[in-house]
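1. I'll drop the sequence and a predicted model, then ask my questions.
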Amino acid sequence: MAGGRKRVLLIATDQQRCQQWEQYLRAADCQTLTVAGTEEAIEQIPEYLPVLLFIHVDMDTGIHVADVDEKFAQRCRDSGLAVIPVLTHPSPEDVATSFRRGAVDVLIEPFNQDDLNGAVERAGGFKDLYQQNMDFRKQLERANRDLRENISILRMDQIAGRQVQQNMLPVTPLRHGDYEIAHRIIPSLYLSGDFVGYNILFDRYLLFYFADVSGHGASSAFVTVMLGFILRRILRRHLADKDFEALARAPEGFVEHINRQILAMGLDKHLTIFAGSIDMQRNMLRYTVGAQLPMPVFVDGDDARFLSGSGKPVGLFPDAVWEVQEIALPQRFALVVASDGVLDCLPGATMQEKEEKLLAAASRSGMQHELLCAELGFNAIKEAPDDVSVMTVTRGG
């Protein structure tokens, strides 16, 4: 820009009018180049590098603002070129269209030197504002690019964490004699706050637990990993010590141990839990309930009912204890443990209606795990609002 003067590109075919406008522009300390049409203007823009463009639109010739090539108007906007249409006998719609298409101001004939000076002054800050916007846009694009990269890294971490969590889950189904235990978990995110664990020790004791950690995502999944570690450590100790007496009393003391571990870690997390042990020689079930919702369902023939028992959630009360219940098992039965996310899959306006649907689904499934999952609507779930999980223990199925 020579001498600091503004470069102005003037598009007009009326030479007489052009001479007057050029005088106005020179008086406003502008360097002016006049061309006859938009195609010629496009050729001049890269070389002349104007900061302001005047374009004459004469409605007396039947041409209106809307007739100006939109691609040219877009190119002016993209290059940061301030555009001021000079309108002859415009309609209000022509003026409005000019601003909609990116004009920074409008001059309406006849106008004088003061009118043009005012328009040039108002357009003066457009280039700086455009540059600021471009700088902000680049910063925003860079921030979005960094955000996408971070999200991609986070997704990969979540996928890796999910794989770790999946690897910690037991093989499903697990069979031993007449007994079978199976599970299915549908996480609401990559990682789940629902977790199950079960093992068979000394070909006699089937130990299992079903936990639902508060919240979602990585922090809740971390607690499930910790639960799996604690369970494995306890099982290894029982195996190494051949502690049949402790196994006969299981799950006595198990939930209390979990409670102490979570409180000691200060994770600000709590969980609901159902822990059980089946002596497969005596066919006896011993279990503990820690705020489990819904309560586990016991199916004996055509009769489906909720197990009795109650207990506080784990990870909130340092001195809490959990009572162990014991029941004899029939030749054929099914034990169904579901997370509260399952209730969201069931129809019903109240909790009681949903629980009745759960009992009916457990009764209809005929002690078949996959059939139960179908009855509960697992196969139709696309995006679960909460972790959805179920575990079944059956005998004689």
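-> Received, thanks. Numbering: from 1, shown residues only.
2. longest helix of the chain?
-> Assignment by DSSP state H gives helix 126-168 as the longest helix of the chain.
3. Pairing partners for whichever helix or strand comes after it, with directions?
-> Once the chain leaves helix 126-168, the next helix or strand it forms, by DSSP states H and E, is strand 174-176. Paired with strand 174-176 in the same sheet, following DSSP bridges, are strand 179-186 (antiparallel).
4. just checking, residue 30 touches residue 121?
-> No: with contact defined as CB atoms under 8 Å, residue 30 does not reach residue 121; the gap is 11.4 Å. C-betas here are computed from N, CA, C, even on glycine.
5. Quick check on the two: which one has the bigger neighbour count.
-> When residue 30 and residue 121 are compared for neighbours, residue 30 comes out ahead with 20 against 11, by other CB atoms under 10 Å.
6. Tell me which stretches of the chain form helices.
-> Along the chain, the segments classed as helices by DSSP H run 15-27, 38-48, 70-78, 92-100, 113-124, 126-168, 217-241, 244-249, 254-265, 340-345, 351-364, 369-375.
7. Skipping its backbone neighbours, what lies nearest residue 235 in space?
-> residue 199 (5.6 Å; CB to CB, 6 or more residues apart in numbering).
8. That neighbour bridge partners, please.
-> residue 207.
9. Contact partners for it?
-> 170, 206, 207, 208, 231, 235 (CB atoms under 8 Å, 6 or more residues apart in numbering).
10. Hmm, residue 200 and the fourth one touching each other?
-> No: the pair residue 208 / residue 200 is not scored as a contact, 9.7 Å apart, by CB under 8 Å.
11. Those two: who's more crowded?
-> Applying other CB under 10 Å to residue 208 and residue 200 shows that residue 208 carries more neighbours, namely 25 against 19.
12. Excluding residues flanking it in the chain, which one is nearest the more buried one?
-> Computed as CB to CB, 6+ apart, the closest residue to residue 208 that is not its neighbour in sequence is residue 198, at 3.6 Å.
13. I'd say the one you found and residue 171 touch.
-> No: using CB under 8 Å, residue 198 is not in contact with residue 171, being 9.5 Å away.
14. For those two, work out which one has more neighbours and name it.
-> Ranked by neighbour count (other CB under 10 Å), residue 198 and residue 171 place residue 198 first, with 22 against 9.
15. tell me the contacts of residue 272?
-> Counted by CB under 8 Å, 6+ apart, residue 272 has contacts 211, 212, 290, 291, 292, 293, 313, 314, 340.
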